[in-house]
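1. What shape does this take:
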Amino acid sequence: MDGETVKITLIGSDLAIDGLEFVYRGELEECEGCRMHKVCNNLTPKKSYRIVGIRNSAVHPCNIHHNGVCAVEVIDSPVIVLIDAKRAILNSEITMDFLCPEIGCPNYDRCFPEGLVENGKYIVTRIINSEKESCERGKNLKNVELTPKQA
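-> Coordinates of the predicted model:
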């Protein structure tokens with residue numbers, strides 16, 4: 001885990017699988033008043049995470065998860081995305097903006113996939129392919145892997 005920041009959070013015990021990647025969607029109304037509220041909801045909404053460890057076998061009751069929740073260790077998970085080919089430079093830092101008006105474009109979900117945070121800072125950690133893909137706005141795009149920049 002090469003210097004990556006590990007966070008402890010709670011997840012449904014049925015989902016507590018080492019290596020599982022998920023997008024934290026934010027807290028739910030049913031979480032109000034629960035004594036585990038702060039630990040369950042200590043991640044950034046809409047951000048992608050990977051489980052890298054299961055803390056212990058203690059299962060806590062939960063209003064959402066039928067079989068309760070347990071403690072896991074998570075790190076930020078990389079996200080595969082199409083970006084402007086000019087910005088696709090290995091190990092460079094980019095800030096993700098969601099300014100494209102072409103919501104109906106066939107590439108829109110690949111340019112703004114689930115797990116990216118708007119205005120989040122990312123490092124281009126891998127160029128997936130060298131082929132350029134075009135968009136409806138005439139930009140040349142490349143498929144890359146972005147990893148959230150560690151603070």
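2. Please name the bridge partners of the residue nearest the centre of the chain.
-> Centroid-nearest residue in the chain: Ser48, 1.3 Å away (criterion: C-alpha atoms, centre = their mean). Counting by DSSP bridges, Ser48 is bridged to Val23.
3. That one: what's it in contact with?
-> Glu21, Phe22, Val23, Asp76, Ser77, Pro78, Val79, Glu114, Gly115, Leu116 (C-beta atoms under 8 Å, 6 or more residues apart in numbering). Glycine gets a C-beta too; all of them are placed from N, C-alpha and C.
4. Buried among those residues? Need that as a selection in ChimeraX.
-> Per 16 or more other C-beta atoms under 10 Å, the buried members of these correspond to this ChimeraX selection:
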select :22,23,76,77,78,79,115,116
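5. helices and strands of this protein: which one bottoms out on pLDDT?
-> strand 133-134 (a mean of 76; mean pLDDT, DSSP states H and E).
6. Kindly state the beta-bridge partners for Thr9.
-> Taking DSSP bridges, one obtains Val72 as the residues bridged to Thr9.
7. quick revisit: nearest to Lys132, out of the contacts of Ser48: which one, please.
-> Val79 (19.7 Å; C-beta to C-beta).
8. distance of that closest one from Arg110?
-> Taking C-beta to C-beta, to the nearest Å as the criterion, Val79 is separated from Arg110 by 11 Å.
9. related to what we said a few turns ago, for the residue nearest to the centre of the chain, give me the pLDDT.
-> Note for Ser48: predicted pLDDT of 93.
10. and it, how far is that from Glu114?
-> The gap separating Ser48 from Glu114 is 7 Å, by C-beta to C-beta.
11. Pop the domain breakdown of this protein in here.
-> 7-76, 79-148 (automatic domain parsing).
12. Can you tell me which of the ones you listed has the worst average pLDDT?
-> Among the domains of the chain, domain 79-148 scores lowest, with a mean of 89.
13. measure it end to end?
-> Using C-alpha to C-alpha, to the nearest Å, the end-to-end distance of domain 79-148 comes to 9 Å.
14. quick one: that domain to chain centroid distance?
-> 14 Å (C-alpha atoms, centre = their mean, to the nearest Å).
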